[in-house]
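K.L.:
After the sequence you'll find the predicted model.
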Amino acid sequence: MIKVLVIDKHPVIFSGLDAYFKNSRNIKIVGHTTDEININSYLETHQVDIILTEIELNQLNGITLIKRIKKNFPELKLIVFTSQAEHVYGSSIIKAGASGFVSKKQALSELDQAILNVFNNAIYISESLAKQLTIRPKKTSVSNDFKKLSSRELEVLNLISNGKRNIDIAKELALNEKTVSTYKTRLMKKLNVSNLVELIKKAKQEF
């Protein structure tokens, strides 16, 4: 039986997944947490094979969480189960250490297959994301502008788009405020905008 932990700030997601997999012969939802900050203590005392995590969490960005978990539990597998756009986050979450990306807009049977594949040491991503990871696309569209951002830049941009202040971003990502300001300047340059309002507007078009 594959033991799955769900990390999501919406309890209804856990309830839905628990109901869907209740009669599964292969997969069991063993728990749900909204407290991603203290996830290490949970993993030290519970057996988990795969983690399903959102990108939008209460305190941490999903990419940061993936990196932290893989650092402390390298054998643990993670699948991002999210409402966020694959073309924005897909490459970064795989590079951070996740083994799969499934949209919440897809049928749960897709998630079922992803869990089975990842448990058997496969990577579960769409064909378009697979191509994105192996072929560098031409940077001509808004989406392509986002593809050239590093995972850290995406983390900062996502927090900016959610209204986080420099001091909050610095605390969450373990950076100093000056570094956050540098990231903002770099993001405006890469995304071809001249001020913070335009940066937030452009970010919300993608996130």
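P.N.:
Received, thanks.
K.L.:
mind listing the helices in this protein by residue range?
P.N.:
11-20, 39-45, 62-72, 86-96, 108-119, 127-134, 142-147, 151-161, 166-173, 177-190, 196-206 (DSSP state H).
K.L.:
N26 is nearest to which of these?
P.N.:
helix 108-119 (6.5 Å; CB to CB). Where C-beta positions appear, they are placed from N, C-alpha and C, glycine not excepted.
K.L.:
what's next to the closest one, contact-wise?
P.N.:
Contact with helix 108-119 is made by 2, 4, 16-17, 20-21, 24, 26-27, 49-50, 52, 77, 79, 81, 99-100, 102, 123-124, as judged by CB atoms under 8 Å, 6 or more residues apart in numbering.
K.L.:
that older thread, which of the helices of the chain sits closest to H32?
P.N.:
helix 11-20 (3.6 Å).
K.L.:
so where's this protein shaky on pLDDT?
P.N.:
Where the chain drops to pLDDT under 70, the residues are 132-144, 206-207.
K.L.:
State the distance from L191 to I66.
P.N.:
When distance is defined by CB to CB, to the nearest Å, L191 is 24 Å away from I66.
K.L.:
For those two, indicate the residue with more neighbours.
P.N.:
I66 (25 against 19; other CB atoms under 10 Å).
K.L.:
Thought Q47 was touching K3, still the case?
P.N.:
Yes: shown here, K3 and Q47 form a contact pair, counting by CB atoms under 8 Å, at 5.7 Å.
K.L.:
which residues do the two both contact?
P.N.:
Residues touching both K3 and Q47 by CB under 8 Å, 6+ apart: V30.
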